[in-house]
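compute the structure for the input listed below.
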Amino acid sequence: MMVKKKIHFKMEASMDQYNRFEYGVPPKSIGDYAFIQHMLKKAYLITEEWRVVLPHGALFRGASEGLIRQRILEDNLIDAVIGLPENLFYGVSIPATIVVFKRIELKKTYYLLKQAVNMKKVKIKIH
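The predicted model follows:
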């Protein structure tokens, strides 16, 4: 299953009546890890593997997001991280990333893939 959160998705801990923030409370201003924790609770009820498209910066932010990311890694839920180039999605100029989550127990080896070598910018004309 592949999911993509809304660009300006925000969620406060006070809005979480379902106890989805077991890995930590994400910041109010950025909803990336609120969305990930929501999907950790919901997607695993449906499937053993799912992917989420995030802005590239979600991999490197510190503070509460860094702690959440560390706890998710310690629980061995991430199977792969795939870096994507900028301008890949229409109207979005920043680079993106796909994070692959798996429910089953995995070995503690992480792979970071970046495939921008064969990518080229293409202008699309809509008539």
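
low-confidence stretches in this structure?
1-15, 104-127 (pLDDT under 70).

make it 90
Counting by pLDDT under 90, the chain shows low-confidence ranges at 1-64, 73-80, 82-97, 101-127.

where do the strands sit along it?
Assignment of strands within the chain using DSSP state E yields the ranges 2-4, 49-55, 78-84, 96-102, 112-114.

pull stretch 67-79 out as PDB, backbone CA atoms only.
The C-alpha coordinates for stretch 67-79 follow below in PDB (Å, rounded to 0.1, in the frame of the first residue of the first chain):
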ATOM      1  CA  LEU A  67      13.300  11.000  18.800                       C
ATOM      2  CA  ILE A  68      10.300   9.600  17.100                       C
ATOM      3  CA  ARG A  69      12.400   8.500  14.100                       C
ATOM      4  CA  GLN A  70      15.000   6.900  16.400                       C
ATOM      5  CA  ARG A  71      12.300   4.900  18.300                       C
ATOM      6  CA  ILE A  72      10.700   3.700  15.000                       C
ATOM      7  CA  LEU A  73      14.200   2.500  13.900                       C
ATOM      8  CA  GLU A  74      14.800   0.800  17.200                       C
ATOM      9  CA  ASP A  75      11.500  -1.100  16.800                       C
ATOM     10  CA  ASN A  76      12.800  -2.300  13.400                       C
ATOM     11  CA  LEU A  77       9.800  -1.100  11.400                       C
ATOM     12  CA  ILE A  78      11.600   0.500   8.500                       C
ATOM     13  CA  ASP A  79      12.600  -1.700   5.600                       C
END
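
thanks again, I'm all set now.
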